[in-house]
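Novice: Task: produce atomic coordinates for the following.
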Amino acid sequence: MDKEELNEHKVAEGVYGFRTAIANIAIVGGCGDSRDEWVIVDAGVPFSGPFIKRCAERVMGKGKKPIAIVLTHGHFDHVGGLKYLLNQWDIPVYAHKEELPFLTGEKNYLPPDPSVGMGLMSLLSPLYPRKAINLGERVRELPENGTIPEMPDWRYIHTPGHTQGHISLFRDTDKLIIVGDAFITVKQESALAVLNQTKEIHGPPAYFTPDWETAEVSIRKLHALQPRIALTGHGKPMAGSELTAGINKLVEEYDHIVVPKHGRYVH
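Specialist: Purely as a prediction, here's the structure:
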């Protein structure tokens, strides 16, 4: 994965990443029984649907549609384009069973925590939407065995902490992981870091993470997979020794560099 590929949004074979303002989405080819179909992972910030559709047409061709959308979780910056996309395409949405209440209008996310500090994005977090959306029958529960319908080369890892039903997607053939927000590669609490996309391995966005003990377990799960390439929900892709060293540091120094020094959910 060289610099040119990253500039062209190609993360690995058949996998493309695009940034919607503050959050990333992935377009994954090689899906379906015929392996010539594709899936979208996450749906970006509010009003990003048309942009995501244009990105898909750029890499997959005009007039084609995905066979599914898979959600790592249901926060506002990962489902913002769903309404538009589902109006365009009659396709299913898959999510973990623990995330379904937040996607069927049954349960709202806990309030964000601006007291964690670390930057303007944290201070603004009380303004971010946290209400459940209602996808009705369009959303389906992922199988409990870790398989992902329509994605035969992939499996999901349940990585809660940031949300109850958060998942990450892993491809064993090249050890590529689509992380979601279990860990990220930018200091998301800082508006300056987000604007410049300053690359830095980091724990989940602190202002929207209510369970730090479980988040640590999830990072350790991903560390055990020894991923070689990571496309995270926020920040630039990371690979090779940079990724390995970064995840090692998250695990070894979790209490010091990941958990905020203070906050309503910090125990």
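
Novice: list the buried ones in stretch 50-61?
Specialist: F51, I52, K53, C55, A56, V59, M60 (16 or more other C-beta atoms under 10 Å). Backbone N, C-alpha and C define where each C-beta goes, glycine included.

Novice: What of stretch 112-120?
Specialist: Applying 16+ other C-beta under 10 Å to stretch 112-120 flags P112, D113, P114, S115, V116, M118, G119 as buried.

Novice: swap in stretch 167-183?
Specialist: Buried residues in stretch 167-183 (16+ other C-beta under 10 Å): 167-171, 175-183.

Novice: and which of these is nearest to V11?
Specialist: L176 (7.2 Å; C-beta to C-beta).

Novice: Is it correct that the closest one is in contact with P227?
Specialist: Yes: taking contacts as C-beta atoms under 8 Å, L176 lies within contact range of P227: 6.9 Å.

Novice: Just give the number of residues close to I184.
Specialist: When neighbours are counted by other C-beta atoms under 10 Å, I184 registers 25.

Novice: Next up, the contacts around it.
Specialist: Contact analysis of I184 by C-beta atoms under 8 Å, 6 or more residues apart in numbering lists I201, H202, G203, P204, P205, T232, G233, H234, G235.

Novice: related to what we said a few turns ago, now, which of the buried residues of stretch 50-61 lie within helices?
Specialist: Among the buried residues of stretch 50-61, the members falling in helices (DSSP state H) are F51, I52, K53, C55, A56, V59, M60.

Novice: and which of the residues you listed is nearest E216?
Specialist: Of all these, E216 sits closest to I52, with 31.8 Å by C-beta to C-beta.

Novice: where does that closest one sit relative to I25, distance-wise?
Specialist: 6 Å (C-beta to C-beta, to the nearest Å).

Novice: Can you check which residues contact both of those two?
Specialist: If you check I52 and I25 against C-beta under 8 Å, 6+ apart, the residues they both contact are F18, I40, A43, G44, G81.

Novice: what is the second one paired to in the beta sheet?
Specialist: Same thing as I40. Assessed by DSSP bridges, I40 has beta-bridge partners I27, I69.

Novice: Tell me how far it lies from H75.
Specialist: 16 Å.

Novice: Repeat that for P143.
Specialist: 23 Å.

Novice: likewise E37?
Specialist: For E37, the distance to H75 - C-beta to C-beta - is 27 Å.

Novice: okay, the two: which has more neighbours?
Specialist: H75 (27 against 19).

Novice: from memory that one sits against P210, does it?
Specialist: No: at 11.8 Å, H75 does not count as touching P210 under the criterion of C-beta under 8 Å.

Novice: Mind telling me which residue is nearest the centre of the protein?
Specialist: Against the mean C-alpha coordinate of the chain, by C-alpha atoms, centre = their mean, the closest residue is G180 at 2.1 Å.

Novice: Which residue comes closest to that residue once chain neighbours are left out?
Specialist: Leaving aside its chain neighbours, G180 sits nearest to T72 (2.9 Å; criterion: C-beta to C-beta, 6 or more residues apart in numbering).

Novice: Go ahead and report the secondary structure state at N248.
Specialist: Here N248 is helix, with the state taken from DSSP: H, G, I helix; E, B strand; the rest coil.

Novice: Contacts for stretch 230-242 next, please.
Specialist: Contacts for stretch 230-242 (C-beta under 8 Å, 6+ apart): 1, 6, 11, 15, 17, 22-24, 26, 42, 72, 77-78, 176-181, 183-186, 188, 194, 197, 199-202, 205, 228-229, 243, 246.

Novice: Show me where the stretch 51-200 of the chain has its helices.
Specialist: Using DSSP state H, counting those that start in this stretch, the helices of the stretch 51-200 of the chain run over 76-79, 82-88, 120-123, 191-196.

Novice: Now the element after the helix or strand of the chain with the lowest mean pLDDT, going C-ward?
Specialist: Lowest on mean pLDDT, DSSP states H and E among the helices and strands of the chain sits helix 3-7, with a mean of 38. The C-terminal neighbour of helix 3-7 among helices and strands, as given by DSSP states H and E, is strand 10-12.

Novice: who touches that next one?
Specialist: Contacts for strand 10-12 (C-beta under 8 Å, 6+ apart): M1, E5, Y16, G17, A26, D174, L176, I229, L231, P237.

Novice: Sweet, I'm off.
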